[in-house]
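S.K.: Quick one: sequence plus predicted model below, questions after.
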Amino acid sequence: MTWRDLVPLTIVIVGIVLFLYGSNYYDAMIGWVGVALVLGGVILEMVLRIYAFMRKREAHKFTVTEKKD
């Protein structure tokens with residue numbers, strides 16, 4: 001796994017732990033921070049995948065050569 005996979009995964013795991021901690025000790029602020037981290041990790045993963053897809057597509061556009069008859 002690369003760092004681009006590990007960073008969003010770590011953020012989501014920390015968010016889940018904070019949410020569970022906040023709900024167990026009735027601390028709403030920590031729980032909401034956990035929810036925000038989970039959502040942030042998911043959004044970060046989507047942005048990184050879209051960025052990688054667009055870079056692949058851009059690189060493919062410039063590597064296509066014309067056929068010569």
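M.R.: Sure, I can see it. Not measured: the values here are computed from a predicted model.
S.K.: Quick one: low-confidence residue ranges for this structure.
M.R.: 60-69 (pLDDT under 70).
S.K.: center of it, which residue is that?
M.R.: In the chain, the C-alpha nearest the mean C-alpha coordinate belongs to Glu45, at 1.8 Å (C-alpha atoms, centre = their mean).
S.K.: and that one, what does it touch?
M.R.: By C-beta atoms under 8 Å, 6 or more residues apart in numbering, the residues touching Glu45 are Pro8. For glycine as for every other residue, the C-beta is placed from the backbone atoms N, C-alpha and C.
S.K.: Pull out the buried positions in whatever helix or strand Ile13 lives in.
M.R.: Assigned by DSSP states H and E, Ile13 belongs to helix 3-24. Neighbour counts over helix 3-24 (16 or more other C-beta atoms under 10 Å) mark 8, 11-12, 15, 18-19, 22 as buried.
S.K.: Can you tell me which of these is closest to Thr2?
M.R.: Nearest to Thr2 out of those is Pro8 (C-beta to C-beta; 11.1 Å).
S.K.: so how far is Val12 from the closest residue to the closest one other than its chain neighbours?
M.R.: Spatially, and ignoring its direct neighbours in sequence, Pro8 is nearest to Glu45 (4.0 Å; C-beta to C-beta, 6 or more residues apart in numbering). Going from Glu45 to Val12 by C-beta to C-beta, to the nearest Å gives 8 Å.
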